[in-house]
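1. Quick check, what structure comes out for this input:
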Amino acid sequence: MSALSALPFLKPVHLRSPRSSPGGQRRHTLPASEFRCLGPGDAASVFEIEREAFISVSGDCPLHLDEIRHFLNLCPELSLGWFEEGRLVAFIIGSLWDQERLSQAALTLHKPQGSAVHIHVLAVHRTVRQQGKGSIL
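-> Numbers count the residues shown, from 1 in each chain. Modelled structure (predicted):
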């Protein structure tokens, strides 16, 4: 069972087959909204949203680009991106931890046998805030 199918409020998104246009060219359609685990290729988009969300408030980002890539390589199953028309609009990144309390080491480590999820960052693009996306993630 995938991590996404375990969440009852997330419905699978099925891509439609491309339709032919009157000119004979195939037209590709993107789903309006989809969820998927993030991978290293999404790191730049994640960092762009994170910078915009945190720099103006705190002056720093919870995760820097190399740390985002680190977690998306180690544990992509603990990240989730919300895409609208193919564009990332919100995300969450987590890792596993194996102790009852978080320590400084939890900020950079992923313990594959851990039983607790440490959420490193959750951010929503400014153009789609106040729509409940963060709560759903």
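
2. Is the nearest residue to residue 117 once chain neighbours are set aside part of a helix or strand, or is it coil?
-> Nearest residue to residue 117, sequence neighbours excluded (Cβ to Cβ, 6 or more residues apart in numbering): residue 94, at 4.7 Å. Glycine gets a C-beta too; all of them are placed from N, C-alpha and C. What DSSP: H, G, I helix; E, B strand; the rest coil gives for residue 94 is strand.

3. Report the contact partners of residue 94.
-> Each residue near residue 94 by Cβ atoms under 8 Å, 6 or more residues apart in numbering is listed here: 71, 75, 78, 79, 117, 118, 119, 120.

4. In JSON lines: those residues, plus secondary structure, neighbour count and pLDDT.
-> Output for those, formatted as JSON lines (DSSP: H, G, I helix; E, B strand; the rest coil; neighbours: other Cβ atoms under 10 Å; pLDDT from 0 to 100):
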{"residue": "71", "secondary structure": "helix", "neighbour count": "24", "pLDDT": "92"}
{"residue": "75", "secondary structure": "coil", "neighbour count": "19", "pLDDT": "91"}
{"residue": "78", "secondary structure": "helix", "neighbour count": "21", "pLDDT": "92"}
{"residue": "79", "secondary structure": "strand", "neighbour count": "23", "pLDDT": "95"}
{"residue": "117", "secondary structure": "strand", "neighbour count": "13", "pLDDT": "88"}
{"residue": "118", "secondary structure": "strand", "neighbour count": "17", "pLDDT": "88"}
{"residue": "119", "secondary structure": "strand", "neighbour count": "12", "pLDDT": "89"}
{"residue": "120", "secondary structure": "strand", "neighbour count": "20", "pLDDT": "89"}
